[in-house]
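Enquirer: Test case, fold it:
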Amino acid sequence: MKKNILIVSAHPEPTSLTRQLVDVTVETLGAAGHEILQSELYGMKWKAVFDADDFPVRTNPDRLSFIMESGHAYVTGNQTPDVVAEQAKLLAADAVILQFPLWWYGVPAILKGWIERVYAFGFAYGYQNGTNEFRFGDGILKGKRALVNVQAGGPVADYGPRGINAPIEQLLFPLTHGALFYPGMDVLPTHAVYSAGHVSTAEEVEAIKAGWRARLAGLFTDAPIPFRAQNGGDFPDRHTMADDVAPGQTGIVAHVAEKLRFVDAVAGDAAAIASVVNGAYRANGAVEGWTNERGLLDGPRIGEAGVRALIARERILLLRRLTDGAISGCINIAIDDDGAWHTSMLAVAPDEQTAGIGKLIKQEVERQAAAAGAPRMRMEVIRQREALIAWHRRRGYELTGETLAFPYDDPSVGHPLRPDLELVVMEKQLNSTVG
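Expert: Numbers count the residues shown, from 1 in each chain. Below is the predicted model:
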């Protein structure tokens, strides 16, 4: 189906990699039958400065209020012609593609000026009723797609999760979330070209172009970044995220809703489950979680065969990411003779701990247990794991006073490093009228 595509580009050099990729965009999408609109800002000699000259007819000539004058110009038809033309392009577009180099960790000034001048009050913000009701997922551009293509001079390592520059999606959050998602667009993950200043051969350029062509193929099918919508329930007062949304997370990462689903494990999940459990319990990987059994036990917590046996004999509940299928956490569930749901092997991937995943898993198991009529939850914890005991007590679990001998003769739990280990029993009451 034919679509209208608006390409907004910002690079002054016609032979630059950015401008070459703009040509690829035009050729690729044009060949697919789409209508191409362009705003090549340097070629247009776009006025980048947002100032009094943008308001030829002022409502208050004595003091410049940008919101007041912008809204007045928009509703009275007194905007400058260049701004009116760009707004018309945005309204006509089914998708907007921004292509630019990364300059001082942001967009070139000319592109920032395009946003500031085109995004008038009443158009991009204050939409419909002059309030913040329609923003972040709702707005005049709702239903359109947006894709950012940025050329960064530094190597990819500089923009890794622990890179010195920070990840590109975090650097561009004011653009993707603030300027594109704010008026309602579905924003696709950023397409970044790294080490752009060091590309020197025709083969390198062609490889970059091929990667961009492949990315353009998914312009209308790729999943957008799951930013949390203002009016989707996560922001009850339109200002602050609800306490039960992204617990433990703050800042930029809390605004991206990782899609998770609870599923029962199958035998094919055994290797991945063993990896998550051993990483969480033994803290012998690159990332160490907030609590583990270091100093208490050594060796694998469980092997793939042991996981398979648990799946066959009992039940392992997984919290799986829908984006890539990875396991964020798991817990083993058995049912005791008195009907209590007996849990063990609660584990959260170390790099996802402190984000509330463990709490989510416990809440879901307790919800299922209560729905099934279970009277209580039950578990054992190594007595020396005081932080984990305290964590469960904050969630309604209490020590029963019962202790159990540690299974020193069971190699499946690992190699004990202390002679004084023992297990304490904890319970949480669910249905006071049952059992």
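Enquirer: quick check: domain ranges of the chain?
Expert: The chain breaks down into these domains under automatic domain parsing: 4-225, 260-429.
Enquirer: Just put these in CSV and tack on mean neighbour count, mean pLDDT and distance to Asp237.
Expert: Heads up, the C-betas are built off the backbone N, CA and C, glycines and all. Listed next are those as CSV, based on neighbours: other C-beta atoms under 10 Å; pLDDT from 0 to 100; distance: least, C-beta to C-beta, whole Å:
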stretch, mean neighbour count, mean pLDDT, distance to Asp237
domain 4-225, 17, 95, 11
domain 260-429, 17, 88, 21
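Enquirer: Show me the one of these that comes nearest Gly233.
Expert: Evaluated with C-beta to C-beta, the domains of the chain place domain 4-225 nearest to Gly233, the distance being 11.2 Å.
Enquirer: who does the one residue sitting closest to the centre of the chain bridge with?
Expert: For the chain, Val256 is the residue whose C-alpha lies nearest the centre (C-alpha atoms, centre = their mean; 3.4 Å). When bridges are called by DSSP bridges, Val256 pairs up with Phe227.
Enquirer: can you pull the contacts of Tyr397?
Expert: Neighbouring residues of Tyr397 by C-beta atoms under 8 Å, 6 or more residues apart in numbering: 377, 379, 426-428.
Enquirer: for Ala109, same thing?
Expert: 48, 103.
Enquirer: From Ala10, how far off is it?
Expert: Distance from Ala109 to Ala10, counting by C-beta to C-beta, to the nearest Å: 9 Å.
Enquirer: Likewise for Ala254?
Expert: Here Ala254 is placed at a distance of 30 Å from Ala10 (C-beta to C-beta).
Enquirer: Give the closest residue to Ala326 in space, chain neighbours not counted.
Expert: Excluding its sequence neighbours, the residue lying closest to Ala326 (C-beta to C-beta, 6 or more residues apart in numbering) is Arg320, at 7.1 Å.
Enquirer: The one you found touches Ala265, doesn't it?
Expert: No. Taking contacts as C-beta atoms under 8 Å, Arg320 lies outside contact range of Ala265: 9.3 Å.
Enquirer: Just give the nearest non-adjacent residue to Ala229, would you?
Expert: Closest residue in space to Ala229, ignoring its immediate chain neighbours: Gly137 at 3.1 Å, by C-beta to C-beta, 6+ apart.
Enquirer: does the one you found sit in a helix, a strand or a coil?
Expert: State at Gly137, reduced to three classes by DSSP: H, G, I helix; E, B strand; the rest coil: coil.
Enquirer: hmm, back to that, among the contacts of Tyr397, which are in helices?
Expert: Using DSSP state H to define helices, no part of these is located there.
Enquirer: What is the nearest of those residues to Asp244?
Expert: Nearest to Asp244 among the contacts of Tyr397 is Lys428, at 18.9 Å by C-beta to C-beta.
Enquirer: Report the beta-bridge partners for the closest one.
Expert: The partner list for Lys428 in beta bridges (DSSP bridges) reads Met377.
Enquirer: Ile164 touches Asp158, doesn't it?
Expert: Yes. Counting by C-beta under 8 Å, Ile164 touches Asp158, with 5.5 Å between them.
Enquirer: which other helices and strands contact the helix or strand containing Leu360?
Expert: Following DSSP states H and E, one finds Leu360 within helix 357-371. The contact analysis (3 or more C-beta pairs under 8 Å, 6 or more residues apart in numbering; DSSP states H and E) places helix 357-371 against strand 315-321, strand 327-335, strand 341-348, strand 376-382.
Enquirer: Which strands or helices does the third one pack on?
Expert: In this case it means strand 341-348. helix 270-282, strand 327-335, helix 357-371, strand 376-382.
Enquirer: could you dump these to TSV with distance to Ser200?
Expert: Formatted as TSV, these follow (distance: least, C-beta to C-beta, whole Å):
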stretch	distance to Ser200
helix 270-282	40
strand 327-335	42
helix 357-371	44
strand 376-382	58
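Enquirer: Which one of the ones you listed lies nearest to Met68?
Expert: The minimum distance between Met68 and the helices and strands packed on strand 341-348 falls on helix 357-371, with 45.7 Å, by C-beta to C-beta.
Enquirer: Many thanks, have a good one.
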